[in-house]
Every structure is written in C-alpha cells, then in structure tokens.
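Engineer: got a sequence here, can you build the structure:
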Amino acid sequence: MAAVPALAALIGAVSLSQWARTLPAVIAGGVTVELGLSEAGLAAATAMVHLGFAVGQVPSGAALDRVGPRRTASVLLAIATAGLTLSAVAPGVWSFAFGQFLTGLGCSGLFMAGLMVAAQLLPPDRFGQVAGLMPALSGIGLLASGTPSAWLIGIAGWRAAPAAAAVAGVLCLIAAWRLVPSLRPQHTGQRGLGAECLDVLLLAASPMLRAPVVLAFVGYPATLALRGLWAGPWLTEVLGFGLVETGNVLAGLSVVMSLAPALFGWLDRHVRRRAGVMGLAHLAAAASLAWLPLAGGRAAPDIAAMALVGVLIGSHVLLYPMTREAAPEGGTGKALSAVNLSFFVGLVVLQPLSGLAARGGGLGAALAVFAVALAAGSAAFVMMSGRRHGPTGTP
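Structural biologist: Residues are numbered from 1 along each chain as shown. Predicted structure coming up:
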C-alpha cells in the first residue's frame, strides 16, 4: 500500500520538526552564555523558529494543493536542514535567530504534507486516527530533544545538537523524495500563488473555521512553549534539577505529549461532540498550567501539572478532522494551513510576551501569560462552537 511508506517518510520528517522546534529548552543555557542573551532575548531569538513556521503556513498550504506533498515536503526539508546548519555554526545572535527562522520555515508544512497523503490515500473514517497517530509516532523527535540531546551537549557543547538534527534532515529529505508518491494535485487552476495564499488568510477568518482558529491560537502554543522553552528553566532554576535530570523529565513529558494525540484520535470515532471535548480539555489544561505560577515549587506536583497540560492539550488533534470536514472542495491544504497558521501565530505573539513577563516577574509570570491566554481562548471557543455544530460536534 503506497500510503504506508509515504506516511513513514513524512512521520520521520515531522519527527525532525519536533526535534528542531523543542531544542531551545535544552540548548538555552549554552546559547545564553555564549551569545550573551537575556531571558527576554532568548525568548525572542527562539521565537523566530515559530515565526518561520507561521510565515511558511500560507505558501505551504497553497503549494500542497498545487504541486502535491512530495515536492512540497522535499523543498521544505532542504530549507529546514539549512536552518539547522546555520543555527549550529552561528557566530552571533542575529545569525542564530535567522537560522531558527529558516528552521521553522522548513518545518512549516511537513505535518500537513502527511495529512494530505492520508486524505488522498486513506478512507475518510481513518483520517482522524491517522492525524492522532502521526504526532505520537513522530514523538521520537521530542525524545531526541530530551536526554539524547542533553547527553550530546554535555560531551560536545550546545552546537552539536542542531548539527545532529541537520544530519537527520538530509536523511529525511532523501526518504521523502524516494518514498512519497507524486499524487495528483487537488487544485490545477491558473490562479497565481499570491491569490491562493490570500485564500488561506480568508479561510482563517471565515465563519466555518473561526472557532478552530481561536482555539489553535492559544492551545498548542501553550504546550509547545512549556515543553520547548520554559519547562527547562523551571526545572533547573526553580526545582534545582541538573542538566541530565532536566533532560530525563523533558523526555518523559515528550512521551506524554506524543501519546496524548493518539488517544484523542482514537476517541474521535467514539464521541458525539468534538468541540465539547476540546473545549473542556483546554479549560482544564489552563487550570493545570496556572498551578505552576500560583502554587508551584515542589517537584512531583509541578511535573504532574506539566504532564497534565500535555495530555489535555493533546485534544487539539481533533481540530484536523474538524477542519477537513469544513474545507471547501479542492482546498484541504489551504484549510489545514489556516488552522496551523493560527497555532504558530499564537506562539509568535505569546512567547515574546512571556519573555517580557519573565524579565519583569520571573518564570512564574511567563507561564501565567499562557495560562490566562489559554483560559480566555478556550472559553471563546466553547461559546463560538456552541452556536453552530453538527452531530459530530464540528462548529
């Protein structure tokens, strides 16, 4: 079956994306010392990977509909590998930040490419399960950014981690080019790329996608900022963990955050109201995240709260089948891009704000930014999705 090797190759590519986007939590110490960054500067520099990811959503979605997942994924992997290489050799802050931007840009459409393969080669009733399994199986990337990266940094310094990821990027590029079939593009019209990119932005603001876009803006950004940036400093500075201990905890969180989407993907075929499940789960995640700045400082409860955030926000994977059902004909890639764009626009907006909060009020204030945003966005999603929903709960 052509779908199996193609999805395997793209799961490997998504693993690389997970690794690359969560490396800052482990390399933060080395980067701040060598490049002379403050906490606010670190947040701004590492947010560039999310800015690149957000910028890449619109053209990636249009490209997936126009030229298909094989060529789109191959070009994106080449860009990501270049970004990781630059991050590894960067002599200063600006070159490191640009390397992070290229890394995010290259990773931007890899998950969507896998979803496009699943949408075109698998039956519709299996799409939700595959959408949930892909993050779980690609969790090897999150694991790689935990203990293995911490061990590598301990031996060869922080630059060795993005260098190793760049080597993996080359292997993923070869696999994607050889194993992903040249699927028929969904859209073969003569409209310009600029017009199709505008379609992505219009879809993001449309009533059919407004509720998913709002939840995407606050949900996944909260868990990615926690795992990808602030969990590391919290473990070392607040709880007093060493580098290897921190890597072990981050690896455990990676396992939790990887398996949670698979659980919710399986539940997709057994629940009547997706929107209700996601709304309640994200509100509970906001309460769990708020624990850290309000009552944190003890190892076991703090780690449990982090893990619970990862489990509950894993329900965001249900946004993908919801979006696929709402997508216009021939516009699946653009609709998925519209929701993915909101994920990473949320990171670009909220992560620098959390850095400013950390400068003024410490790590607790940084986490409070995401807790408040998550609570407000989840409540808005519940209200909007309650106004119009079908039998499966799609808003």
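
Engineer: any buried residues in the host helix or strand of residue 153, and which?
Structural biologist: Using DSSP states H and E, residue 153 maps to helix 147-156. Across helix 147-156, burial judged by 16 or more other C-beta atoms under 10 Å covers 147-150, 152-153. C-beta: built from backbone N, CA, C; applies to glycine.

Engineer: can I get stretch 235-242 as CSV, trimmed to CA atoms?
Structural biologist: The C-alpha coordinates for stretch 235-242 follow below in CSV (Å, rounded to 0.1, in the frame of the first residue of the first chain):
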residue,chain,number,x,y,z
LEU,A,235,13.2,22.6,36.3
THR,A,236,16.7,23.9,36.7
GLU,A,237,16.1,27.3,38.4
VAL,A,238,13.0,26.7,40.5
LEU,A,239,13.4,23.0,41.3
GLY,A,240,17.2,22.8,41.2
PHE,A,241,17.5,19.9,38.7
GLY,A,242,20.7,19.2,36.9
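
Engineer: run the chain-centre distance for that stretch.
Structural biologist: Chain-centre distance of stretch 235-242: 25 Å, with C-alpha atoms, centre = their mean, to the nearest Å.

Engineer: contacts only, for residue 81.
Structural biologist: By C-beta atoms under 8 Å, 6 or more residues apart in numbering, residue 81 lies in contact with 106, 166, 169-170, 173.

Engineer: counting neighbours, which of the residues you listed comes out on top?
Structural biologist: Counting neighbours by other C-beta atoms under 10 Å, the top entry in the contacts of residue 81 is residue 106, with 31 neighbours.

Engineer: identify the residue spatially nearest to it, adjacent ones excluded.
Structural biologist: The spatially closest residue to residue 106, leaving aside those adjacent along the chain, is residue 80, at 2.7 Å (C-beta to C-beta, 6 or more residues apart in numbering).

Engineer: tell me which element that neighbour falls in.
Structural biologist: Assessed by DSSP H and E, residue 80 sits inside helix 69-89.

Engineer: repeat for residue 280
Structural biologist: helix 274-295.

Engineer: any idea which helix or strand comes after that helix?
Structural biologist: Next along the chain after helix 274-295, taking DSSP H and E as the criterion, comes helix 299-313.

Engineer: pull that following helix out as PDB, backbone CA atoms only.
Structural biologist: Provided in PDB are the C-alpha atoms of helix 299-313 (Å, rounded to 0.1, in the frame of the first residue of the first chain):
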ATOM      1  CA  ALA A 299       9.000  18.700  42.100                       C
ATOM      2  CA  ALA A 300       6.200  16.000  42.000                       C
ATOM      3  CA  PRO A 301       3.200  18.300  41.800                       C
ATOM      4  CA  ASP A 302       4.900  20.600  39.200                       C
ATOM      5  CA  ILE A 303       5.900  17.700  36.900                       C
ATOM      6  CA  ALA A 304       2.400  16.200  37.200                       C
ATOM      7  CA  ALA A 305       0.900  19.600  36.300                       C
ATOM      8  CA  MET A 306       3.200  19.800  33.200                       C
ATOM      9  CA  ALA A 307       2.300  16.300  32.200                       C
ATOM     10  CA  LEU A 308      -1.500  17.000  32.600                       C
ATOM     11  CA  VAL A 309      -1.200  20.100  30.400                       C
ATOM     12  CA  GLY A 310       0.400  17.900  27.700                       C
ATOM     13  CA  VAL A 311      -2.300  15.300  27.900                       C
ATOM     14  CA  LEU A 312      -5.200  17.600  27.800                       C
ATOM     15  CA  ILE A 313      -3.900  19.800  25.000                       C
END
